[in-house]
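Novice: quick one: sequence and predicted model below, then my questions.
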Amino acid sequence: MSRDSRPRRFVTVLFAIGALGALLAAQEGMQREGGSGPPAKLVPVHRVAGVRDGVSVFPKVDYTQLKPLNPGDVDFTHYHSLEETVSLLRMWAAKYPDLVDLYSVGQSFEGREIWQITITNRKTGKDTDKPAFFLEGGRHAGEISGIEAALYFIHHVLSGYGTDPALTALVDTKALYVRPNNNPDGNTLYHLTAQSLRSTVRPYDSDADGLLDEDAAEDLDGDGFVRQMRRFVGAGKGNAAKDPKDPQGRAMRRVPQGQGDYQLFPEGVDNDLDGRYNEDGIGGLDLHRNYPENWRPMREATGRGYAQGGAGEYPLSEPETRAVFLFLMTHPNVGLAQSLDTAVPMILRGPSTASSEDGMYPEDAALAAKFDKKGMEITGYPWAGDTYHVYATRAGGNPTTGEPPRDSPIFGHGPDFGYSYYGVIWYGDEIWNGGRFTDYDKDGRIDEAESLRWLDENRPGKGDFRAWAPFTHPQLGEVEIGGVNPKFWAQNPPPDMIETWAKNEAMFNLYLAQQLAQVRVVAAGSTPSRSGAGVFDVKATVTNEGLIPTALEIATRVKIVRPDTCTIRLAPGQELVKTAEGRNQAAAIEIGWLKPGESKSVTWQVKGPGNATVAVSSTRGGTDRREVAVR
């Protein structure tokens, strides 16, 4: 069915409450408050690109959570907008011209630049001649904690350079590629409006009804957030109930239909009259399901195969994912990678379609397990491991249905691309715990009542929970609107708690960067050769001073890395003598790949005096060279 021939069910309900009329009036760029009478104050709006069946213009919200302490200064007690993030990147590039290079790696769906920086000491060599670490934040629109952790990482490394020996050595010998905000369109919508989304803003039919983005959320009570609505329907008629563990009647728990006396809905109206609320908001494609490894379509014809929601029209269909792919494929010196999400919390990686035992080579799995353990120690996260098994089963069975936990595949996933296609361990860590701090009843779960109890004991008066308040809904009648802050508690920490989480995650990523392979020429010399007068044996011994191999086992199998190679460059008048069999010696000799601490030696027969240069080069271990006097 062509897009123009789709049925169009215009939303009369929104006309009844005036919301659509207000948004249509805002199409000229501003929205009026106050109804009839003299002109009222104009309210800024944010327009979303794309042709969709729902609204594309939303009132802006001036969140205090995005206010810096002092504009221009670096602090991690607020969330950084895209504009402030880019301003910080420009400031760092200007302040550290020998260490920072700022550049765009592409443009988003709406045409915003996707900014990235390289951190390395240019005086010690080019970034492409060094082992590298890649760090990405902000891929999922609403998971903005990742942006903060990426910015914290940058700030920590740069402020410590020259005074902290470990950080100085890291920047002198490695390259750090950091992309704080890989989804600038989605992050901007999340930062500036009450809308919440996971994806980019490309129009998408999330509910498979033939319409695009036709049921976005509404902030009905005007507090700047889309919270929850609860409706009392009578005993035995609902799917939710007040949790008796919360004496104040705030906490709700889901129960099987017919066993509760309330219904729960996200705040908003049913725009397309299908009985669901906010099920087809802005966007819906998932940048973390758009990679080529193990990609599956959003729908398949037989009904018997695997499909993947949010996968995109084809692998790398989204410019934001494509920008990551193309950069990494043209920079194979990246030896470890990280993309940051929220809010489990977990040290998370691939495989995503098999367990670590089945989907990784044993030596690679052992290395990942080592990183997992260290990550839990640094961050304090309770879980670590692969997406397929550990992520899917971490929380046990379904508390409502009693269904036991089971392994679950995710397709087109970044960590799978990272390992099986690109040949590195790629983490996709989950920051923040969704406000789940203490399991008071020791049943292995932290429910809403326990989260609210923790808030009462630790954050009274902070405003993380809004009390239920009555509201007359145009479709449901009398409801109550309330609940925890959906953006700055449920999905991300409140501003006064950001720094702890951003720092812990940054410290784990710093640890990963410090594990990279590093090849060195540790010895080089010449001695007279038995091959004849005037011939010298020039010997180079090289090693891997890093803490991971110069190639994972998977990297050697998928041919993403070339074998480590030793080379010699002769001085004028020198030559490599022929072998005893009359063959020419090779100036470049492949030596396979180096394990941590492993050394290998190469010898050439050189005729003639002069200063030769021996070198070692490794796709992921960098390069090194040494001059040898041949006398």
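Specialist: Sure, I can see it. Residues are numbered from 1 along each chain as shown.

Novice: in three-state terms, label the closest residue in space to Thr118 that isn't next to it in sequence for me.
Specialist: Leaving aside its chain neighbours, Thr118 sits nearest to Asp101 (4.5 Å; criterion: CB to CB, 6 or more residues apart in numbering). C-betas here are computed from N, CA, C, even on glycine. Secondary structure, DSSP: H, G, I helix; E, B strand; the rest coil: Asp101 is strand.

Novice: i'd like the first residue to be 784 from this point on
Specialist: Sounds good: first residue 784 from here, last item Asp884.

Novice: isn't Asp884 right up against Gln899?
Specialist: No - Asp884 lies out of contact with Gln899 (CB atoms under 8 Å); the separation is 9.0 Å.

Novice: still on that earlier bit, so what's the residue nearest to Thr901 up against?
Specialist: Ala876, Ile900, Thr901, Asp910 (CB atoms under 8 Å, 6 or more residues apart in numbering).

Novice: could you do Lys1157 as well?
Specialist: Taking CB under 8 Å, 6+ apart, one finds Phe1291, Tyr1294 in contact with Lys1157.

Novice: what helix or strand does it sit in?
Specialist: Element membership for Lys1157 (DSSP states H and E) is helix 1145-1162.

Novice: next: Ala1252.
Specialist: Using DSSP H and E, Ala1252 falls in strand 1248-1256.

Novice: helix, strand or coil for the most far-flung residue of the chain relative to its centre?
Specialist: Going by CA atoms, centre = their mean, the residue of the chain most distant from its centre is Ala1316, 61.6 Å out. Under three-state DSSP, the three-state class of Ala1316 is coil.

Novice: from Val1360, how far off is it?
Specialist: Distance of Ala1316 to Val1360, given as CB to CB, to the nearest Å: 11 Å.

Novice: ok so, going back, helix or strand right after the helix holding Lys1157?
Specialist: Under the assignment DSSP H and E, the closest C-terminal helix or strand after helix 1145-1162 is strand 1166-1169.

Novice: and the contacts of the following helix or strand past that following strand?
Specialist: Next along the chain after strand 1166-1169, taking DSSP H and E as the criterion, comes helix 1175-1176. Contact with helix 1175-1176 is made by Pro1188, Arg1189, Asp1190, Ser1191, as judged by CB under 8 Å, 6+ apart.

Novice: now helix 1175-1176: average pLDDT?
Specialist: For helix 1175-1176, the per-residue pLDDT values average out at 94.

Novice: with stretch 888-903 instead?
Specialist: The pLDDT scores in stretch 888-903 average 98.

Novice: for that stretch, buried residues please.
Specialist: Within stretch 888-903, the residues that count as buried by 16 or more other CB atoms under 10 Å are 888-889, 891-893, 895, 897-903.

Novice: and it, end to end?
Specialist: Using CA to CA, to the nearest Å, one end of stretch 888-903 lies 18 Å from the other.

Novice: any low-confidence regions in this protein?
Specialist: Within the chain, the stretches with pLDDT under 70 are 784-823, 1183.

Novice: go with 90
Specialist: The chain contains residues with pLDDT under 90 at 784-826, 855, 1178-1188, 1227, 1313-1317, 1362-1365, 1414.

Novice: for it, what spans make up the helices?
Specialist: Per DSSP state H, the chain has helices spanning 795-800, 802-808, 865-878, 928-943, 948-956, 967-975, 1102-1112, 1139-1142, 1145-1162, 1175-1176, 1197-1199, 1231-1241, 1281-1296, 1336-1341. These are given in chain order.

Novice: now these as a markdown table including distance to Arg981?
Specialist: Listed next are these as a markdown table, based on distance: least, CB to CB, whole Å:
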| stretch | distance to Arg981 |
| --- | --- |
| helix 795-800 | 24 |
| helix 802-808 | 22 |
| helix 865-878 | 17 |
| helix 928-943 | 13 |
| helix 948-956 | 33 |
| helix 967-975 | 8 |
| helix 1102-1112 | 13 |
| helix 1139-1142 | 25 |
| helix 1145-1162 | 23 |
| helix 1175-1176 | 18 |
| helix 1197-1199 | 14 |
| helix 1231-1241 | 21 |
| helix 1281-1296 | 19 |
| helix 1336-1341 | 29 |
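
Novice: which of these sits closest to Ser1401?
Specialist: Ser1401 lies closest to helix 1336-1341 among the helices of the chain, at 11.3 Å (CB to CB).

Novice: nearest spatial neighbour of Phe1319, chain-adjacent residues omitted?
Specialist: Ser1309 (4.4 Å).

Novice: hey, what's the one you found bridged with?
Specialist: Val1321 (DSSP bridges).

Novice: quick one on the thing from earlier: mind putting the contacts of Asp884 in a markdown table, distance to Asn1116 included?
Specialist: Output for the contacts of Asp884, formatted as a markdown table (distance: CB to CB, whole Å):
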| residue | distance to Asn1116 |
| --- | --- |
| Ala876 | 21 |
| Ile900 | 16 |
| Thr901 | 11 |
| Asp910 | 8 |
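
Novice: and which of these is nearest Gly1041?
Specialist: Distances from Gly1041 to the contacts of Asp884, taken by CB to CB, are shortest for Ile900, at 55.6 Å.

Novice: right, and the closest one touches Leu882 too?
Specialist: No - counting by CB under 8 Å, Ile900 does not reach Leu882; the two are 9.5 Å apart.

Novice: what sits against Trp1215?
Specialist: Trp1215 neighbours (CB under 8 Å, 6+ apart): Ser928, Thr1125, Ala1126, Pro1128, Gln1274, Asn1275, Pro1276, Trp1284.

Novice: just Gly1043 next, same as before
Specialist: The contact partners of Gly1043, by CB under 8 Å, 6+ apart, come to Gly1019, Lys1020, Gly1021, Asn1022, Ala1023, Ala1024, Arg1037.

Novice: OK, contacts around Glu1062?
Specialist: Applying CB under 8 Å, 6+ apart to Glu1062 gives the contacts Ser989, Asp990, Asp998.

Novice: most neighbours among the contacts of helix 1175-1176, which one is it?
Specialist: Of all these, the highest neighbour tally under other CB atoms under 10 Å goes to Asp1190, namely 15 neighbours.

Novice: now do that residue against Pro1198, distance only.
Specialist: Noted for Asp1190: a distance of 15 Å to Pro1198, by CB to CB.

Novice: cool, Leu1047 as well?
Specialist: Taking CB to CB, one finds Leu1047 at 33 Å from Pro1198.

Novice: so what's His1114 up against?
Specialist: Each residue near His1114 by CB under 8 Å, 6+ apart is listed here: Thr911, Ala915, Phe917, Tyr960.
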